[in-house]
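Engineer: need a 3D model of the sequence below.
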Amino acid sequence: MSQVKNNPEQEQSIEKTITRRTFLSFATLGVGAVGSYLGWRWLHGQSEVDGALAPLRTMLETNSSVNQSVVFSETHTAPEYPRSSAATEPRTNGDVGLDSDVDIAEWKLNVKHPTAMTPLSATLDDIKALPKTDIVFEFKCVEGWSEIQYWSGVRLIDFFHHYNLQQNYHYVGMTTPDEEYYIGLDMASALHPQTILAYESNGTTISSEQGYPLRLVIPVKYGIKNLKRIGTIAISNERPPDYWAEQGYDYYAGL
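Structural biologist: Numbering: from 1, shown residues only. Take a look at the predicted model:
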C-alpha cells in the first residue's frame, strides 16, 4: 500500500498551524491565570459586610431576594415522610447556647412585641396546652448532610393566633436564654404552616443536646436556622442579628 506524503510546503503549513494553536492555548491559559489572580486580589481587597466580602454578600442578598420573592410560598412545603423513615435519634450538630443547665420550673418563653409594654411569657405547660402538630421531614445541614427526623410541638402560627400576636411585621428574631445563639427569620417563613416550636422528638421529650425544653423546627430553612433552646422571640420590622450570617453565611438560608 502506498503512503501519501505531504510536500514540504504542506508540512511547513501544518507545523505553523500547530505552533499557532499551541501559542494561542498557552496565551489564553496565561491570560486566564493573570485575570484570576487579579480578580482574587481585587476581591480580597474589598471590605467585609456582615462577615462576608462585600461582593459575596451582595450576591447572597440577591439570591435571597429571588428565593424569597419567587420561590417561597406558604403552599410550597417540604416533603413529609412516614414516621418509620425517621432516624432513631436525631443527629446532634452544634452546641452554641446550650452550655447552661435548664431549670424547667424557672424556664419561660418570652415574647417581645413592638406594641406590648412588657414581654409575654409562656411556660412549657402553656405551650403544650395548644394544638399539637407532628412533622417528619428531611433536615438539611449547610455542611452537606441530611437526615429524616420526627418532631412534635406547636405550630408557630397557632402560637401567634392564640396569643393574638400581630403578623404585619417583617421579622422574627429568636435567641437562646444565654443569648449566645440567635437567628433572624422573615415573618413569612416563621409563620409557614410547617414551622413548629418543638418539645418532642420521636414521641419523647427532646434531649438537652437537641434544645430542651423547646426548640425551633423550620423545614423550609437549612439547619442553621433551627435554633435550639428558645429563650426569647422578638417581633419587629428591623432585621434581627443572626449568628451564622455574621460568620459570612446566607441570612435567608432558604430551601
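Engineer: all contacts plus neighbour counts: C-alpha atoms, from now on.
Structural biologist: OK.
Engineer: so where is the stretch 151-255 of the chain shaky, pLDDT-wise?
Structural biologist: The stretch 151-255 of the chain contains no residues with pLDDT under 70.
Engineer: tell me which stretches of it form helices.
Structural biologist: 156-162, 187-190 (DSSP state H, counting those that start in this stretch).
Engineer: out of these, the one nearest residue 174 is which?
Structural biologist: Comparison of the helices of the stretch 151-255 of the chain against residue 174 by CA to CA identifies helix 187-190 as nearest, at 10.4 Å.
Engineer: and that closest one, how far out from the chain's middle?
Structural biologist: 13 Å (CA atoms, centre = their mean, to the nearest Å).
Engineer: got it, and stretch 132-139?
Structural biologist: 17 Å.
Engineer: cool, and stretch 177-194?
Structural biologist: How far stretch 177-194 lies from its chain's middle: 11 Å, per CA atoms, centre = their mean.
Engineer: quick one: contacts for the spatially closest residue to residue 181 that is not a sequence neighbour?
Structural biologist: Excluding the flanking residues, the one nearest residue 181 by CA to CA, 6 or more residues apart in numbering is residue 97, at 5.2 Å. Residues near residue 97 by CA atoms under 8 Å, 6 or more residues apart in numbering: 176, 177, 178, 179, 180, 181, 228, 229.
Engineer: picking up where we left off before, among the helices of the stretch 151-255 of the chain, show me which one is buried the most.
Structural biologist: For those, the largest average neighbour count (mean count of other CA atoms under 10 Å) is found in helix 187-190, namely a mean of 20.
Engineer: ok, residues contacting that helix?
Structural biologist: 74, 156, 157, 167, 169, 170, 171, 172, 195, 218, 220.
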